[in-house]
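1. Sequence and predicted structure below; questions after.
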Amino acid sequence: MNKKICFFCVGTGGHVLPVRNLIRELKALGTKNEDIFVICDNRGRQYLDNLDVSIHTPEIFVSKKGLVGYIFNIFTISRSIREVTKILKDQNISVVLTTGAYIAPVAAIVSKILKAKFFIQEQNIYAGLGNKMSAIFAKTIFTSFEDTQNINKSKLKHTGPVVNTTLGRKYIEPLGIQTIGFVGGSQGSEEINNYVEQFLNSEASADFNVLHITGKAKNTNKLEFQNYKSYEFLNDMDDFYKNIDILVGRAGGGSLEAAYLGVPQIVVPYKHGTTSSHQDLNAKYLENKKFGFKVNSFDELLSKVSEISVKIKSNNLDIPEIVIGNKSIAEEIYEYIN
């Protein structure tokens, strides 16, 4: 029986899309569909259904109280581990890789039960709790950012982000009317949606077209402007990136994809909960590396839109190239399953 790999990912696009991109890379190297397994949730499955690999969505315990929640629900977690192990035990899984969140500890323990090599791919500069808890089991932790914090540094390997390499980028016509793309991550953002409405009602909007991904849960106000077009959700971002000159979005791991494409971006870090700390650090990194501009208010946003627009018109916008991790991670994994 061939050696196989199992990816563990859940939730938002930030955790699931890197898995999709790595699966594509592994297939390009020659890995067969039947040798690739994915354990995820129903929310994440929407990004993976067209890959023709084995996808399973068992019930996985979600801790809403951090580490304490895991400790006090050890029996529930054990049930999740047993269910996943039952799915994978006869499949000759030799590699397990997780992109984090609450499924990471389950992935780590299952990898030990299956005697498989365990890898982590961390998308943020500040590692999340799931990956931090699981790091002790990992052979290698692949990182998108150079200075990843809050995790076992002896196991870190900076590869760069895992991005969608099938995305294209249009030629920017310096003197044409510019288009701003607003997106609040895969779940949408009420804050960014409010910024869109404020922008469309401002004098500045007359000089721009606006494309807006509202998010399925955040599609609230119906805005009607001639220069405005909205979508609840886009599974394929290719046309979106090809039709924008400036991006306004969150500072999650996906912000490095825009940097890879050379899209000038304005990032609005999420300000609530545990996500806020890593988004703020991500945003500072993007700004220091000249991949983007961090803003915290609508007035700052207007100022940066104007600044970037002028640079585009004068052909004076220089965004550095970014190293990506798709190939190097896939090649390392491929060695263990062949």
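-> Now that the structure is in, tell me what you want to look at.
2. Could you use CA atoms for every contact and neighbour count after this?
-> OK.
3. so how far is I180 from V196?
-> Distance of V196 to I180, given as Cα to Cα, to the nearest Å: 10 Å.
4. neighbour-wise, which of the two wins?
-> Neighbours were counted for V196 and for I180 using other Cα atoms under 10 Å; V196 has more, 25 against 22.
5. Checking my notes, that one in a strand, right?
-> No - V196 is assigned helix when assessed by DSSP: H, G, I helix; E, B strand; the rest coil, not a strand.
6. In contact with it, which residues?
-> F182, H212 (Cα atoms under 8 Å, 6 or more residues apart in numbering).
7. i'd like the first residue to be 22 from this point on
-> Sounds good: first residue 22 from here, last item V217.
8. Now do it, the pLDDT please.
-> On pLDDT, V217 comes in at 95.
9. Now the helix or strand harbouring S132: average pLDDT?
-> Element membership of S132, judged by DSSP states H and E, is helix 125-134. For helix 125-134, mean pLDDT is 96.
10. contacts for it?
-> Against helix 125-134 from outside (Cα under 8 Å, 6+ apart): 29-30, 98, 101-102, 105-106, 116-119, 138-139, 151-152, 154-155, 158-159.
11. So what angle separates the directions of the next helix or strand along the chain from it and helix 125-134?
-> Going down the chain from helix 125-134, the next helix or strand is strand 138-143, by DSSP H and E. Using axes from the mean of the first three to the mean of the last three Cα atoms, to 10 degrees, the direction of strand 138-143 lies 160 degrees away from that of helix 125-134.
12. Tell me the predicted confidence for the closest residue in space to S115 that isn't next to it in sequence.
-> Closest residue in space to S115, ignoring its immediate chain neighbours: A137 at 4.4 Å, by Cα to Cα, 6 or more residues apart in numbering. pLDDT for A137: 98.
13. what's the answer for the one 10 residues further on, then?
-> Per-residue pLDDT puts Y147 at 90.
14. For it, give the beta-bridge partners.
-> Q170 (DSSP bridges).
15. which residues touch it?
-> Taking Cα under 8 Å, 6+ apart as the test, what Y147 contacts is T169, Q170, N171, S298, H299, L302, N303.
16. Go through those and give me the one with the most neighbours.
-> Of the contacts of Y147, N303 is surrounded by the most neighbours, 27 neighbours in total, counting by other Cα under 10 Å.
17. Roughly how far does N23 sit from I358?
-> From N23 to I358 the distance is 8 Å (Cα to Cα).
18. who's more crowded, those two?
-> Neighbour count, other Cα under 10 Å: between N23 and I358, I358 has more, with 16 against 13.
19. Pretty sure that one sits against K24.
-> Yes - counting by Cα atoms under 8 Å, K24 is a contact partner of I358 at 4.9 Å.
20. which neighbours do the two share?
-> Common neighbours of I358 and K24 (Cα under 8 Å, 6+ apart) are S115.
21. Show me the contact partners of the helix or strand containing E321.
-> Following DSSP H and E, one finds E321 within helix 319-334. The contact list for helix 319-334, computed with Cα under 8 Å, 6+ apart, reads 195-196, 199, 216, 219-220, 225, 267, 285, 287, 314, 316, 338.
22. Report the backbone C-alpha coordinates of that helix in PDB.
-> Output of helix 319-334 as PDB, limited to C-alpha atoms (Å, rounded to 0.1, in the frame of the first residue of the first chain):
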ATOM      1  CA  PHE A 319     -11.500  55.700   8.200                       C
ATOM      2  CA  ASP A 320      -9.600  59.000   7.900                       C
ATOM      3  CA  GLU A 321      -6.400  57.000   7.800                       C
ATOM      4  CA  LEU A 322      -7.900  54.800   5.100                       C
ATOM      5  CA  LEU A 323      -8.800  57.800   2.900                       C
ATOM      6  CA  SER A 324      -5.300  59.200   3.300                       C
ATOM      7  CA  LYS A 325      -3.600  56.000   2.300                       C
ATOM      8  CA  VAL A 326      -6.000  55.400  -0.700                       C
ATOM      9  CA  SER A 327      -5.000  58.900  -2.000                       C
ATOM     10  CA  GLU A 328      -1.300  58.300  -1.400                       C
ATOM     11  CA  ILE A 329      -1.300  54.900  -3.200                       C
ATOM     12  CA  SER A 330      -3.400  56.200  -6.000                       C
ATOM     13  CA  VAL A 331      -1.000  59.000  -6.700                       C
ATOM     14  CA  LYS A 332       2.000  56.600  -6.700                       C
ATOM     15  CA  ILE A 333       0.100  54.300  -9.200                       C
ATOM     16  CA  LYS A 334      -0.600  57.300 -11.500                       C
END
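23. where does S335 land on pLDDT?
-> 88.
24. Low-confidence stretches in the stretch 172-321 of the chain?
-> Along the stretch 172-321 of the chain, segments meeting pLDDT under 70 span 190-196, 207, 238-242, 294-297.
25. where do the strands sit along it?
-> For the stretch 172-321 of the chain, the strands defined by DSSP state E, counting those that start in this stretch occupy 177-179, 199-204, 229-234, 249-252, 267-270, 286-288, 313-315.
26. Make TSV out of those and add distance to L323.
-> Shown next, in TSV, are the strands of the stretch 172-321 of the chain (distance: least, Cα to Cα, whole Å):
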stretch	distance to L323
strand 177-179	34
strand 199-204	12
strand 229-234	12
strand 249-252	17
strand 267-270	11
strand 286-288	10
strand 313-315	12
